[in-house]
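Sequence first, then the predicted structure, then my questions.
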Amino acid sequence: MTPAADRDDAHLRVAATVPERGLDAALAVGRGETLALLGPNGAGKSTLLSLVAGLIAPYDGQVTLGHRVLTSVRSGTTRTWVAPHRRRVGLLDQRALLFPHLSVADNVAFGPRSAGVRPDAARATARRWLAAVGLEDRAASRATELSGGQAQRVAVARALAADPEVLLLDEPLAALDVDVAPALRHRLREVLAEQTTVLATHDVLDALLLADRVAVVEDGRVVEEGPTAEVLARPRSAFAARIAGLNLVRGTWRGDRLVTEEGTEVHGLTHGDVPSYSSTATAVFRPSAVAVYLHDVSGSPRNHFPLVVRALEPRGDLVRVTGESGGLTLAADVTPQSVAELGLVPGLRVSLTVKATEVSVYGV
Ligand SMILES: Nc1ncnc2c1ncn2[C@@H]1O[C@H](COP(=O)(O)OP(=O)(O)OP(=O)(O)O)[C@@H](O)[C@H]1O
């Protein structure tokens, strides 16, 4: 069991084994928190969501939400079972699955109407959530008239209009075109701010931009868990290291550059909405985009970081060089030949450079 699963302040707790799917995992999510389940195909992410939604029962385990026990099964014997529609859990997967014969507004009003809310109040709720996802002007359209990205936004509004205590998102952006996904990701970030959410994804950007915490799921186990930026910057599990291992630099956006608390400046290209001046931002760049020199190499538009080498580790055909730079841990992937030519050893002072065009800056 992970330490996080023992948290006292958890709103949602899951601890379950599902032998036929190779799952034996525990997780906990705080109220208003977004937890990303990050893992490869078949790892057990959807199974965990299905347990919470009440679509499957464990062989052994419990699901609790606040003070309510939703599922309790001991060695195949069910003790407590709350029906899916009574759980106050919303589930959304990569297909929007709107009712084709209903208008957009009626799709969104469906949840409150089913819960017995009067038609005018349900319509008002629908309007509010459509506005939150930026689609109030499509209220009267048929669901079939929407683009894929719009339909997915309506599906988000419909899930939230039902006022779930927990929202479960299973790869909500996976089916969307790459040019549509960033806009929806941004909307999701806004609407998920106060919402307890579990997000299954294998996209590191979803985790970085939407989640407060990440649980890495591999072979039915939670193998790593922690604040998103920490896990992605210093991955301990094999999967997280493969997809993440990114250089992440947090700081304050100064209009054309990010400045860390210790005064390190990072130039990069902004993605999605440009961060507002003085707001918190994150610069992201891959170790493979970083070059290592023994001396400072001047020349813009490059970023330079003085680094004290801490470790050298083989990584496929390359060697990952990690070290400290002004309170940051940074990594560069270089060839074994460069390691030999530069005489890289722990303790050596070097200079890392990365082109500004290789650095993505996000307003988070
Ligand atoms: N309906 C099902 N019936 C039986 N086994 C299933 C079913 N769905 C998934 N499995 C199995 O359970 C295991 C976990 O799958 P799960 O779908 O939870 O993984 P996942 O991490 O969500 O992967 P993906 O990203 O591919 O959806 C896998 O071995 C999978 O083959």
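Structure's in. What do you need?

and the lowest-mean-pLDDT helix or strand in the chain, which residues are buried?
Counting by mean pLDDT, DSSP states H and E, the weakest-scoring helix or strand in the chain turns out to be helix 238-243, with a mean of 74. By 16 or more other CB atoms under 10 Å, the buried positions in helix 238-243 come out as 239, 240, 241, 243. Every C-beta, even on glycine, is put in place using the N, C-alpha and C of the backbone.

Out of those, flag the one nearest to the ligand.
The ligand has its nearest neighbour among the buried residues of helix 238-243 in residue 239, at 10.7 Å by CB to the nearest ligand atom.

ok, the buried residues of helix 238-243 vs residue 203, which is closest?
Of all the buried residues of helix 238-243, residue 243 has the smallest distance to residue 203: 8.6 Å, by CB to CB.

any idea what sits nearest the closest one, other than its immediate chain neighbours?
In space, and not counting its chain neighbours, residue 243 is closest to residue 204: 5.1 Å by CB to CB, 6 or more residues apart in numbering.

rewinding a little: pull the residues that contact the least confident helix or strand of the chain.
With contact meaning CB atoms under 8 Å, 6 or more residues apart in numbering, helix 238-243 is reached by 38-40, 43, 202, 204, 214, 216, 218, 223-224, 231-232, 235.

give me the number of residues near the closest residue to the ligand within the stretch 51-200 of the chain?
Using CB to the nearest ligand atom, the closest approach of the stretch 51-200 of the chain to the ligand is made by residue 200 at 5.8 Å. Neighbour count of residue 200, defined by other CB atoms under 10 Å: 25.

what helix or strand is it on?
In this structure, residue 200 sits in strand 197-201 according to DSSP states H and E.

Let me see the contact set for residue 158.
98, 107, 108, 110, 111, 129.

top of the residues you listed by neighbour count?
Most neighbours among these, by other CB under 10 Å: residue 108, with 32 neighbours.

coming back round to it: output the buried residues of helix 238-243 as JSON lines; include the columns distance to the ligand.
Listed next are the buried residues of helix 238-243 as JSON lines, based on distance: CB to the nearest ligand atom, whole Å:
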{"residue": "239", "distance to the ligand": "11"}
{"residue": "240", "distance to the ligand": "14"}
{"residue": "241", "distance to the ligand": "18"}
{"residue": "243", "distance to the ligand": "13"}
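
In CSV, list these along with distance to residue 84.
CSV is the format used below for the buried residues of helix 238-243 (distance: CB to CB, whole Å):
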residue, distance to residue 84
239, 30
240, 31
241, 36
243, 32
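
Would you mind confirming that residue 9 makes contact with residue 31?
Yes - taking CB atoms under 8 Å as the definition, residue 9 is a contact partner of residue 31 at 7.4 Å.

of those two, who's got more company?
Using other CB under 10 Å as the criterion, residue 9 and residue 31 rank with residue 31 on top: 14 against 9.

So residue 350: helix, strand or coil?
Three-state assignment for residue 350 (DSSP: H, G, I helix; E, B strand; the rest coil): strand.

Quick check: of the contacts of helix 238-243, which lies closest to the ligand?
If you rank the contacts of helix 238-243 by distance to the ligand using CB to the nearest ligand atom, residue 43 comes first, at 3.8 Å.
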